[in-house]
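Peer 1: Below are the sequence and a predicted model for it; my questions follow.
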Amino acid sequence: MFNKLVFKNLKLKKLSTSLVVVASLLVAQAPFANYAEAAGAEQAEKKKRPTQLVGPRVGKKVQKAFELYSGDDETPSDLKGALAVLLDIDASKAYDQAYVARMIAIMYAQLGDNEQKTIDYLKKAIEPDLLNEGDQSESLKLLGDMQMMTKDYKGALKAYADWMDFSGKSDGQTYIKIGQAYYSLKQLDKVIEPADKAIAAFGDKPNQNPYVLKLTSYYERKMYKEAVKVLETVIQIFPENKQWWTQLPSFYLLDENYEKATQTLDLAYKLGHLNKESQIKMLANLYSQSEAPYKAAMLLEKHIASGLVKRDDKNIATLANAWHSAQHIDKAASYYGELAKMTTNAKHYRKQGMLLKQDEQFAKAVVALNKAIELGASNQGRIHMSIAESYFYLEKYKKAFAAIQKAMKDPSTRRSAKGWKSFIVDTAKRKNVTI
């Protein structure tokens, strides 16, 4: 019904975004040579916590690392060289140790090949709580991102909470990550609150991902009515997204609201949102269930002809059944004939023959019914009776008599066949036909 859960479509902001933010802070704070000027700036600019600077000895090495990291027009960036310089620093002051640890963490994060070392150095940088406000804030957020990457969801939840407490900030993307962390921990009920906060945070620039989180939480807890409400909201906010138009009917079906499922999928089709075989077949099935077999037949016939729906035995059988239910006997018979040729199955020839007889195409009915017998169809007494009836209406009384004789050999049709036998004989006599 729901196919693969829409949660697979949840696209969280990439880690690289956080790295760009942190790296930009690194660039902004890179010049270390003029400490007196920096100190003056510290006094002029009031912050929530005192701004600290690394000592001159450490500062020179940090400057060298920064130059290697940045590169220039003639020399490419040497990230590993910069990291080697930083790892070689033996800082004694607590602030210097925290600052260097933060830079090492950033380098490891940029290299992208050792998440655990990134996390370890971030913790060393954060734990003393000495970094300047911006550095401490971004380090906490980056720690959460890295822990999400390493599937340390509990650690990530703590890091994001610490970041919000420290910075007094929050944003939609972080709330999404918190919701995803709770989902990954199977704490599905806790997904809803951060998802709602993310929705509020995005304001007049809505994002689909928090809705996906809510939908997933409700779906996996079998809270289908709540899931439907989410989808009804989403489809109004993001009407251009085709996936919601097919998923809402699926949830209506889970909630056993067949009428709304049919109406919604029908509207989606009229809006041009259905472009998959499974979607067309679902709509055809809903039409049939809502007692609109003609619409089901027309829909399937159109899209089988176009090639969107495969022309295989299963789909042709569904189409034949739809035309039969819609009382278009000739079309139903035609498609049962196609199905019979596809499968060489006796029951389909039998069905075709019976419908052709019903449609008074007696000669064609005889051909199909005889083929059914040839292929070993069950209930052959009833088939011989239908052949006899068809020959009778074709006024081929001798053949009708031969067929009814065969029908009389079957205990299940013997009594009915006797009545037809008398009728055939009497009619033949009245018309002077020898049988």
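Peer 2: Done, it's in. Residues are numbered from 1 along each chain as shown.

Peer 1: So Val433 sits against Tyr397, correct?
Peer 2: Yes: using CB atoms under 8 Å, Val433 is in contact with Tyr397, at 4.9 Å. (Each C-beta comes from the backbone N, C-alpha and C, glycine too.)

Peer 1: Show me which of those two is the more surrounded one.
Peer 2: Taking neighbours as other CB atoms under 10 Å, Val433 and Tyr397 compare with Tyr397 leading, 20 against 15.

Peer 1: How about the secondary structure of the residue nearest to that one when sequence neighbours are not counted?
Peer 2: Nearest non-adjacent residue to Tyr397, counting by CB to CB, 6 or more residues apart in numbering: Ala428, 4.0 Å away. With DSSP: H, G, I helix; E, B strand; the rest coil as the basis, the three-state label of Ala428 is helix.

Peer 1: One more: Asn432?
Peer 2: Asn432 ends up coil, using three-state DSSP.

Peer 1: hang on, Trp244 packs against Val234?
Peer 2: Yes: in this structure, Trp244 is within contact of Val234 by CB under 8 Å, at 5.3 Å.

Peer 1: Who has more neighbours out of these two?
Peer 2: A direct count of neighbours by other CB under 10 Å for Trp244 and Val234 places Trp244 higher, at 25 against 21.

Peer 1: Now that one: which helix or strand?
Peer 2: Counting by DSSP states H and E, the element that carries Trp244 is helix 242-254.

Peer 1: so what secondary structure elements neighbour that helix?
Peer 2: For helix 242-254, the elements it packs on are helix 224-237, helix 258-270, helix 277-289, judged by 3 or more CB pairs under 8 Å, 6 or more residues apart in numbering; DSSP states H and E.

Peer 1: how much does the second one deviate in direction from helix 277-289?
Peer 2: Compare the direction of helix 258-270 with that of helix 277-289 by axes from the mean of the first three to the mean of the last three CA atoms, to 10 degrees and you get 130 degrees.

Peer 1: any idea of the mean pLDDT for helix 258-270?
Peer 2: Here helix 258-270 scores 97 as its mean pLDDT.

Peer 1: tell me which element Lys205 is part of?
Peer 2: Assigned by DSSP H and E, Lys205 belongs to neither a helix nor a strand.

Peer 1: That one - how many residues pack around it?
Peer 2: 7.

Peer 1: ok, Leu271 touching Trp245?
Peer 2: Yes: Leu271 is in contact with Trp245 according to CB under 8 Å; the separation is 7.2 Å.

Peer 1: between these two, who's got more neighbours?
Peer 2: Higher neighbour count among Leu271 and Trp245: Trp245, with 22 against 12, using other CB under 10 Å.

Peer 1: Please give me every residue in contact with the more buried one.
Peer 2: Listed by CB atoms under 8 Å, 6 or more residues apart in numbering, the contact set of Trp245 reads 235, 264-265, 267-268, 271, 273-274.

Peer 1: In JSON lines, list the residues you listed along with distance to Leu140.
Peer 2: Listed next are the contacts of Trp245 as JSON lines, based on distance: CB to CB, whole Å:
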{"residue": "Ile235", "distance to Leu140": "37"}
{"residue": "Thr264", "distance to Leu140": "44"}
{"residue": "Leu265", "distance to Leu140": "46"}
{"residue": "Leu267", "distance to Leu140": "47"}
{"residue": "Ala268", "distance to Leu140": "44"}
{"residue": "Leu271", "distance to Leu140": "45"}
{"residue": "His273", "distance to Leu140": "43"}
{"residue": "Leu274", "distance to Leu140": "46"}
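
Peer 1: model confidence over stretch 326-344, on average?
Peer 2: Mean predicted confidence for stretch 326-344 is 98.

Peer 1: contacting residues around it?
Peer 2: 293-294, 296-297, 312-313, 316-317, 319-321, 323-324, 345, 348-349, 351-352, 355-356, 358-359, 361, 368, 371, 375.

Peer 1: circling back to that earlier point, could you give the mean pLDDT of the helix holding Trp244?
Peer 2: On average, helix 242-254 scores 94.

Peer 1: who's in contact with the residue nearest to Tyr397?
Peer 2: 397-398, 401, 434-435.

Peer 1: Please repeat the previous calculation with a cut-off of 10 Å.
Peer 2: 392, 395, 397-398, 400-401, 434-435 (CB atoms under 10 Å, 6 or more residues apart in numbering).

Peer 1: ok, and the most crowded of these?
Peer 2: Ala400 (26 neighbours).

Peer 1: With adjacent residues omitted, what lies nearest to that one?
Peer 2: Once flanking residues are discounted, Ala400 sits nearest to Tyr391: 3.7 Å by CB to CB, 6+ apart.

Peer 1: and the one you found, how many neighbours does it have?
Peer 2: Tyr391, neighbours per other CB under 10 Å, totals 23.

Peer 1: Beyond the helix or strand encompassing it, next helix or strand please.
Peer 2: Take DSSP H and E as the rule and Tyr391 turns out to sit in helix 380-393. Once helix 380-393 ends, the next helix or strand along the chain (criterion: DSSP H and E) is helix 397-408.

Peer 1: does Ser412 sit in a helix, a strand or a coil?
Peer 2: Applying three-state DSSP: Ser412 is coil.

Peer 1: measure it to Met385 for me?
Peer 2: Ser412 sits 10 Å away from Met385, going by CB to CB, to the nearest Å.

Peer 1: Name the residues contacting each of the two.
Peer 2: With CB under 10 Å, 6+ apart as the test, Ser412 and Met385 both reach Asn379.

Peer 1: Between the two, which is the more surrounded one?
Peer 2: More neighbours surround Met385 than the other of Ser412 and Met385, with 22 against 12 (other CB under 10 Å).

Peer 1: Does the more buried one touch Phe423 like I think?
Peer 2: No: at 11.8 Å, Met385 and Phe423 do not qualify as touching, with contact defined as CB atoms under 10 Å.

Peer 1: got any residues that touch both of these two?
Peer 2: Common neighbours of Met385 and Phe423 (CB under 10 Å, 6+ apart) are Ile404.

Peer 1: No further queries at this time; thank you.
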